[in-house]
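Q: Kindly generate the corresponding structure for this input.
(one chain, ligands or ions: 1)
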Amino acid sequence: MLLRLLLLVLLATVPVHAANRMQQFLLGLPKPELHIHFEGTIEPGTVLEIARRNHLDHFPYGSVAEIQQRMGDAKDLPSFIRVYEELLSVIRTEDDFYEVAMRYFRRVRQQNVVYVEMFFDPQMHTARGIPYATVIAGLRRARQDAAATLGLRCEFILCFNRDRSAESALAHLEKALPDRDIIIGVGTDNPEDAGFPARFAPVFQRAAAAGFRLTSHCDVDIKGSGENIRDCLGLLQVERIDHGVNVLDDPALIARAREKHTGFTVAPALLYGPAPGAVNTFYFDRCARAAKAMLDAGLLVTLASDDPGIMCSQYVGEVYVATQARLDLSAAEMVAFARNGFAMAWLPAADKARYLALLDAYVQHFPSPESAAAP
Ligand SMILES: [Zn+2]
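A: Just a heads-up that it's a prediction; the model follows:
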């Protein structure tokens with residue numbers, strides 16, 4: 001009965017502006033989001049609003065277009081991270097953290113995201129003088145209100161920055177131990193440096209011993225991608241890889257990941273182009289095609305959005321819609337991405353089964369999304 005009620009609520013929340021049946025199907029599909037960075041959810045408009053509220057008179061941008069232009073000028077991951085940090089500098093108080101997180105939760109609930117595992121990068125905040133306690137207090141309150149007011153469950157993943165020391169990672173892991181009730185795992189992000197992943201092995205061992213689940217970013221088409229994926233599986237003992245599309249370059253690695261049921265969170269993201277208003281689709285195409293190839297290779301792969309607020313605002317529902325449209329994927333393939341996401345989620349078995357039942361009920365109720373007729 002509860003399932004039926006939930007389903008009716010979900011169907012009622014499908015956006016009425018959906019342009020066609022497949023789009024409506026995908027936006028209403030109960031989805032998990034497993035690769036989303038809290039810091040990457042901040043929209044340019046929110047940055048400006050919070051900068052004004054915090055009286056940051058020297059903040060260098062005055063309009064959304066100026067921020068988007070700056071993002072379009074970022075040519076590689078290090079320059080992207082620099083802009084990222086510039087924009088994040090406006091988030092200072094517990095209320096700021098709360099508000100940015102709540103805006104994200106409200107936005108994705110409209111796309112029927114029912115479960116989120118959200119990365120957050122405490123080092124990016126403590127390095128600029130914001131106490132860890134402020135960060136986690138805002139996130140904790142937002143998590144609670146998302147559950148209470150939106151029916152959206154969120155758990156957090158503490159992400160270590162690979163361009164900072166392993167000592168700093170360990171110190172932040174220790175800070176996070178009292179928050180194990182809402183932080184379920186650890187991961188890594190920022191550029192892969194020469195010592196990665198070996199120098200993080202002791203931190204990951206400590207995290208595993210403390211009961212955290214393990215994942216790591218392995219970025220797309222960088223030098224040594226395959227080796228890093230192999231070492232993350234071996235040295236760091238991760239259960240998931242974020243991105244990790246270069247697994248496809250090595251049949252032995254595909255076989256190993258398939259055997260270990262390694263989960264992959266692939267994020268086809270549109271980037272701002274170099275000209276004002278332009279969009280760069282190269283990275284989106286690369287990742288979307290890889291996600292489809294990974295599905296075909298029998299890998300446990302799901303779709304995700306990564307940093308929608310500071311990229312081109314494609315949240316995970318929109319990523320599903322754009323990926324399906326770009327590659328003309330079947331409804332069954334799209335459902336497989338969502339199903340895989342729940343399967344690789346770090347949830348207790350009973351909760352996982354409940355989400356999968358919700359997904360099955362939705363698909364049964366919406367049997368022919370490929371049809372052109374209105375439902
Ligand atoms: Zn990411």
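Q: Correct me if wrong: S330 contacts F337.
A: No: S330 lies out of contact with F337 (CB atoms under 8 Å); the separation is 11.4 Å. Every C-beta, even on glycine, is put in place using the N, C-alpha and C of the backbone.
Q: So, low pLDDT: which residues of the stretch 251-375 of the chain?
A: 372-375 (pLDDT under 70).
Q: And the strands in it, which stretches?
A: In the stretch 251-375 of the chain, the strands defined using DSSP state E, counting those that start in this stretch lie at 263-266, 271-272, 279-280, 300-303.
Q: As JSON lines, those strands with distance to S368 and mean neighbour count would be great.
A: Shown next, in JSON lines, are the strands of the stretch 251-375 of the chain (distance: least, CB to CB, whole Å; neighbours: other CB atoms under 10 Å):
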{"stretch": "strand 263-266", "distance to S368": "27", "mean neighbour count": "27"}
{"stretch": "strand 271-272", "distance to S368": "34", "mean neighbour count": "20"}
{"stretch": "strand 279-280", "distance to S368": "32", "mean neighbour count": "15"}
{"stretch": "strand 300-303", "distance to S368": "22", "mean neighbour count": "27"}
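Q: Switch those over to TSV; also include distance to D249.
A: Below are the strands of the stretch 251-375 of the chain laid out as TSV (distance: least, CB to CB, whole Å):
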stretch	distance to D249
strand 263-266	14
strand 271-272	23
strand 279-280	23
strand 300-303	15
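Q: between S330 and F337, who's got more neighbours?
A: Each of S330 and F337 has its neighbours counted (other CB atoms under 10 Å); F337 has more, 27 against 13.
Q: List the single closest residue to the more buried one in space, sequence neighbours excluded.
A: L303 (4.7 Å; CB to CB, 6 or more residues apart in numbering).
Q: Just the C-alphas of the helix or strand in which V47 is found, formatted as PDB.
A: Secondary structure from DSSP states H and E places V47 in helix 44-53. The C-alpha atoms that make up helix 44-53 are tabulated as PDB, following Å, rounded to 0.1, in the frame of the first residue of the first chain:
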ATOM      1  CA  PRO A  44      26.300  31.100 -10.600                       C
ATOM      2  CA  GLY A  45      23.200  32.900  -9.500                       C
ATOM      3  CA  THR A  46      23.500  31.500  -5.900                       C
ATOM      4  CA  VAL A  47      27.200  32.500  -5.800                       C
ATOM      5  CA  LEU A  48      26.200  36.100  -6.600                       C
ATOM      6  CA  GLU A  49      23.300  36.100  -4.100                       C
ATOM      7  CA  ILE A  50      25.500  34.700  -1.200                       C
ATOM      8  CA  ALA A  51      28.400  37.000  -2.100                       C
ATOM      9  CA  ARG A  52      26.000  40.000  -1.700                       C
ATOM     10  CA  ARG A  53      24.500  38.700   1.500                       C
END
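Q: Please point out which parts of that helix sit buried.
A: For helix 44-53, a neighbour-count test (16 or more other CB atoms under 10 Å) marks 44, 46-48, 50-51 as buried.
Q: Take these and lay them out in a markdown table including distance to A198 and pLDDT.
A: Shown next, in a markdown table, are those (distance: CB to CB, whole Å; pLDDT from 0 to 100):
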| residue | distance to A198 | pLDDT |
| --- | --- | --- |
| P44 | 37 | 94 |
| T46 | 38 | 96 |
| V47 | 36 | 95 |
| L48 | 41 | 96 |
| I50 | 38 | 96 |
| A51 | 40 | 95 |
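Q: What ranges does the stretch 51-200 of the chain have for its helices?
A: 64-73, 77-88, 94-109, 122-126, 132-145, 166-176 (DSSP state H, counting those that start in this stretch).
Q: quick one: the residue nearest to T265 when sequence neighbours are not counted and V301, what's the gap?
A: Spatial nearest neighbour of T265, excluding adjacent residues (CB to CB, 6+ apart): H35 at 3.6 Å. According to CB to CB, to the nearest Å, H35 and V301 sit 11 Å apart.
Q: Between those two, which contacts overlap?
A: 265-266 (CB atoms under 8 Å, 6 or more residues apart in numbering).
Q: for the stretch 101-250 of the chain, what spans make up the strands?
A: Using DSSP E, counting those that start in this stretch, the strands of the stretch 101-250 of the chain run over residues 113-120, 153-161, 183-189, 213-218, 240-243.
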